[in-house]
Structure formats: C-alpha cells, structure tokens
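Peer 1: I'd like to go over a predicted model; first the sequence, then the structure.
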Amino acid sequence: GAGVSQSPSNKVTEKGKDVELRCDPISGHTALYWYRQSLGQGLEFLIYFQGNSAPDKSGLPSDRFSAERTGGSVSTLTIQRTQQEDSAVYLCASSRRTASEAFFGQGTRLTVV
Amino acid sequence: GQQLNQSPQSMFIQEGEDVSMNCTSSSIFNTWLWYKQDPGEGPVLLIALYKAGELTSNGRLTAQFGITRKDSFLNISASIPSDVGIYFCAGTRLNSGGSNYKLTFGKGTLLTVNP
C-alpha cells in the first residue's frame, strides 16, 4: 500500500510474554519513528531511525524495549517480559526528512492481561 | 522534560459553531503542527507552521505560530459532524546537532459536534 502499515492491529498478550510489533514505512522514507500513546494521553516519543541506525533511543522506557530496522525499511519493536503498564497503542511514522513531514500508521493496540 | 500544555481537554459544540484550541510551552519550538486523530487511526497532519507569527489556513482550519515561539492556536470555523475527533498539537525543537526529528505532543482536545 501507499501508507505506513503496522501489524498486528491488535495484540492481546499475557503478562511476562514477549511481543513483536512490525512497521512497514512508506517506500523511500529514510526516517522512521516509534511513538506510544496511552489512554487519554498524547503521543510519547520512543525511538528514531535514520536508515538502519537509531541515533536516538532515549524514549525507550526500559531495557525490556528494543527496536531494529533492516534494509532501511521494515522496523520491529520488541517488548520483552511484558507488563500491564505496557498496554497502549504503539504508533509508527515515517518521513523522507523531517518529523514535520511524517505520516503515521494506524497503530498496534497492545493489551497485556 | 519538554511539555506542551493543550487546552481545552474537551469541547462539546453545535454544528455550525466555531472552535478554538491552543497549546503553550515553557520552551521555544521551531515548528508547530496540528493533527487530527480518528478512532483506531493514527494522527493525520492538518497544518504545519514553520515561522514565528505565521498564520496558515487549510479550508475551514486556521492555525498560527505564536510570535514568542512558545504557543500556537487552531481555529475551526463552521464546524460539521465529521470534525469530531481528537486534535493534537505537536512541536519540534532543534537539537544540538541541528536535527529536529522528535515530535513533542500535547495531550489532545476531544471535539464533539452535535448535529
């Protein structure tokens, strides 16, 4: 498709399990971003990729969170040993250059039970 | 850390009314953005502002980049039912390396339009 695609749309997991969230950015977009949106809150920055490198991982909440990007395209956000406070919508965005030009995916709603 | 204070948190208006919402910050931002988010979707960019004092329109939407660089407002005129949604302000700041990749978001304004 032409937009940013995220999968799965919804994920319910048991506390303590690992989850992987996938983002397919728009073709040709070198910048990729992950944000987290908790209920009733704005979006919280997690990590920024330029190509396959992540110059800024400062928003990752703990060492249980990690992300990678391969081939300058697909990115995976991994949460290990999920906790209930990890429940949120995880949004991915991509852009050619700056964040102000970014397009967002529809998000993955993660529920940890 | 940097925060954007967005108000009001929610608004209930009648179709046809005008709406105004704003964002303020204690820090200077070099870009101000306004997004709309529908249920189950990601935010969609409505208006981007790049210069202090800039006033930009997009159809019934008008937004301004405050002269102090610490605030912005969004106006929606003659509201219609499809304007319902959550509106977010966001901003970027230049870091020490000259990059502005990080968006800082307000907490959103939930708009309800009664037909």
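Peer 2: Yes, it's here. Numbers count the residues shown, from 1 in each chain, chains lettered A, B, ... in the order given.
Peer 1: now the residue of chain B most remote from its centre: how far from chain A?
Peer 2: Here chain B reaches farthest from its C-alpha mean at B:G97, the gap being 26.2 Å by CA atoms, centre = their mean. From B:G97 across to chain A, the span is 8 Å (CB to the nearest CB, to the nearest Å). No exception for glycine: its C-beta is placed from N, CA and C like everyone else's.
Peer 1: for that residue, which three-state class applies?
Peer 2: Secondary structure state of B:G97, per DSSP: H, G, I helix; E, B strand; the rest coil, is coil.
Peer 1: ok, now A:A67?
Peer 2: Applying three-state DSSP: A:A67 is strand.
Peer 1: ok, now which ones touch it?
Peer 2: Counting by CB atoms under 8 Å, 6 or more residues apart in numbering or on different chains, A:A67 touches A:34, A:46-47, A:49, A:54, A:57, A:60, A:75-78.
Peer 1: again, only this time at 10 Å
Peer 2: Counting by CB atoms under 10 Å, 6 or more residues apart in numbering or on different chains, A:A67 touches A:21, A:23, A:32, A:34, A:46-49, A:54, A:57, A:60, A:75-79, A:92.
Peer 1: again with B:T56
Peer 2: B:32, B:34, B:46-50, B:62-65.
Peer 1: could you rerun that using 8 Å?
Peer 2: Contacts of B:T56 by CB under 8 Å, 6+ apart are B:47-49, B:62-64.
Peer 1: now those as JSON lines including neighbour count?
Peer 2: Listed next are those as JSON lines, based on neighbours: other CB atoms under 10 Å in any protein chain shown:
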{"residue": "B:I47", "neighbour count": "20"}
{"residue": "B:A48", "neighbour count": "20"}
{"residue": "B:L49", "neighbour count": "23"}
{"residue": "B:T62", "neighbour count": "17"}
{"residue": "B:A63", "neighbour count": "24"}
{"residue": "B:Q64", "neighbour count": "20"}
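Peer 1: run through the chain and note the low-pLDDT ranges.
Peer 2: With no chain named, the answer covers chain A. A:1 (pLDDT under 70).
Peer 1: was after chain B, sorry
Peer 2: B:1-2, B:98.
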